[in-house]
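S.K.: Just to be clear, the model below is a prediction. Sequence and coordinates:
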Number of protein chains: 2
Amino acid sequence: MQPESCERRHGKAIRWTKSDASHLEVATMRIGIVGSGRMGGGLGRLWAHAGHEVMFSDVRGLEEMRALAEEVGHGARAGSIRETAAWCDIVLLATHWAQCKSALEECGSLEGKILIDIINPVKPDFSDLEFGFTTSASEEIARLVPQARVVKALNTIPSPVLALEGCRVAGQKVSGFYCGDDGAAKQVVAQLVADAGFDPVDCGPLSSARYLEALGMLLIRIVVTLKASPEIAFSLVRKVE
Amino acid sequence: MQPESCERRHGKAIRWTKSDASHLEVATMRIGIVGSGRMGGGLGRLWAHAGHEVMFSDVRGLEEMRALAEEVGHGARAGSIRETAAWCDIVLLATHWAQCKSALEECGSLEGKILIDIINPVKPDFSDLEFGFTTSASEEIARLVPQARVVKALNTIPSPVLALEGCRVAGQKVSGFYCGDDGAAKQVVAQLVADAGFDPVDCGPLSSARYLEALGMLLIRIVVTLKASPEIAFSLVRKVE
């Protein structure tokens, strides 16, 4: 099941939370970006522009984050990793794999929060993944922060695509794949994937991250092989039913 | 580098072989299908209709293969696995993973022949791959028949897509991913991928089969999760340059 298009109240995107079986309550989403590089910064910008509340953080320190927040506008703010994690409902974890564990330690408690992981655990030379098949970055993260609701998403989008009009490549909408074991968290993430401009595609349980991270790595191989522009992405083509 | 659109002579598709550095010699391609189920049968049909010479074989035995060949027409023929492998220039290996080793033994020598492997080594219950990350079906096959020129291709195409007009899904062309370590063999396979109706995408060395087989598995997960029609496929969206 995928949520319908995002409702908005006073120009703000709204979150759907189940208050009972039939009714959906709404609230603004607070998204904390942990790791505000090209991917984290780019997604935060898209979500801020879509009406969400966004806070940027990074090991690079507060001054740089303040400049980013000011440049993004739309009420975006900056904080330390600890402040950002405490403030938000949803953490976007967008560090390199090597920095992921220490960033999570800096976050403090993430109890009950949705954690969107976009990490591809690639080796420093980009030749391969660090691990796969029997585990994934997402599953390792879920073990590190078992109290968070981990959803893998958007790890197959090259950062240059975030800067394209409507995130479209050659005029075409591209797929935002996601997976996880928490159905309600996945529904919220599907909405954020759509708000960023992508076609949300549910890939099943969190263990599908093994295959999604492989897809992220495949895209790197294709860019290297074809010496292609990184303005490239996968789209799931399906019959309109 | 990808070959240009297929040239044809007397209605036959032609193969490009390097006779010297600058000139391309042409010949009809003889494709032997080893494992003529829904994928092997479907691809053989497409290639026969595109003007290639095709022979069908399978453990199911000769009578069924003769009926298939007659139904396909366009000069398609039937043979034992051994006859088919001896006759062809290019083997399409399209058995299940569990039958792959015995089928290769039945083939006899494949010295110098191109072997297109479309296998996803999925578990019998389709829940996961049998192996991955440190190896792939393609790399295992290359170890079993080191004298063949193994190219992974078309393993991300669900068989129902082969029956669609021009193999298009919702009117859109879909990607035919391939990888391998033999550049000349890959060029021939890219042409066959295009002749079948797909957009050929070079994914680099044979070890990329690890990621392509993961992509095949991801598609199975998506079909299961979304309870989607298997008339579904991946397309690599890229800027037209």
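M.R.: Ah, there it is.
S.K.: Helices along chain A, start to end?
M.R.: Secondary structure of chain A, counting by DSSP state H: helices at A:38-49, A:62-72, A:81-87, A:97-107, A:137-144, A:183-196, A:209-226.
S.K.: which regions of chain A sit below the pLDDT cut-off?
M.R.: In the predicted model of chain A, residues A:1-27, A:241 satisfy pLDDT under 70.
S.K.: got JSON lines for the helices of chain A, with mean neighbour count and distance to B:Gly132 too?
M.R.: Bear in mind the C-beta positions are built from the backbone N, C-alpha and C, glycine included. Below are these laid out as JSON lines (neighbours: other CB atoms under 10 Å in any protein chain shown; distance: least, CB to CB, whole Å):
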{"stretch": "helix A:38-49", "mean neighbour count": "22", "distance to B:Gly132": "25"}
{"stretch": "helix A:62-72", "mean neighbour count": "16", "distance to B:Gly132": "38"}
{"stretch": "helix A:81-87", "mean neighbour count": "20", "distance to B:Gly132": "33"}
{"stretch": "helix A:97-107", "mean neighbour count": "17", "distance to B:Gly132": "19"}
{"stretch": "helix A:137-144", "mean neighbour count": "21", "distance to B:Gly132": "15"}
{"stretch": "helix A:183-196", "mean neighbour count": "22", "distance to B:Gly132": "24"}
{"stretch": "helix A:209-226", "mean neighbour count": "24", "distance to B:Gly132": "8"}
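S.K.: In TSV: these, plus distance to A:Leu129.
M.R.: Formatted as TSV, the helices of chain A follow (distance: least, CB to CB, whole Å):
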stretch	distance to A:Leu129
helix A:38-49	17
helix A:62-72	29
helix A:81-87	25
helix A:97-107	9
helix A:137-144	9
helix A:183-196	22
helix A:209-226	5
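S.K.: Chain B is nearest to which of the ones you listed?
M.R.: Nearest to chain B among those is helix A:209-226 (3.4 Å), distances taken as CB to the nearest CB.
S.K.: Briefly note if the closest one comes near chain B.
M.R.: Yes: Helix A:209-226 is in contact with chain B by CB under 8 Å from any CB of the partner chain, via A:210-212, A:214-215, A:217-218, A:221-222, A:224-226.
S.K.: May I have that helix as CSV, with CA atoms only?
M.R.: Output of helix A:209-226 as CSV, limited to C-alpha atoms (Å, rounded to 0.1, in the frame of the first residue of the first chain):
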residue,chain,number,x,y,z
ALA,A,209,18.7,-3.8,1.5
ARG,A,210,21.2,-6.4,0.5
TYR,A,211,19.9,-6.2,-3.0
LEU,A,212,19.3,-2.5,-3.0
GLU,A,213,22.9,-1.8,-1.9
ALA,A,214,24.0,-4.2,-4.8
LEU,A,215,22.0,-2.0,-7.1
GLY,A,216,23.7,1.1,-5.8
MET,A,217,27.1,-0.6,-6.5
LEU,A,218,25.9,-1.7,-10.0
LEU,A,219,25.2,2.0,-10.8
ILE,A,220,28.7,2.9,-9.8
ARG,A,221,30.0,0.1,-12.1
ILE,A,222,27.9,1.4,-15.0
VAL,A,223,29.0,4.9,-14.6
VAL,A,224,32.7,3.7,-14.5
THR,A,225,32.2,1.3,-17.5
LEU,A,226,30.3,3.7,-19.8
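S.K.: tell me the angle it makes with helix B:209-226.
M.R.: Per axes from the mean of the first three to the mean of the last three CA atoms, to 10 degrees, the angle that helix A:209-226 makes with helix B:209-226 is 130 degrees.
S.K.: which secondary structure elements does helix A:209-226 contact?
M.R.: helix A:137-144, strand A:149-153, strand A:175-180, strand A:232-238, strand B:199-202, helix B:209-226 (3 or more CB pairs under 8 Å, 6 or more residues apart in numbering or on different chains; DSSP states H and E).
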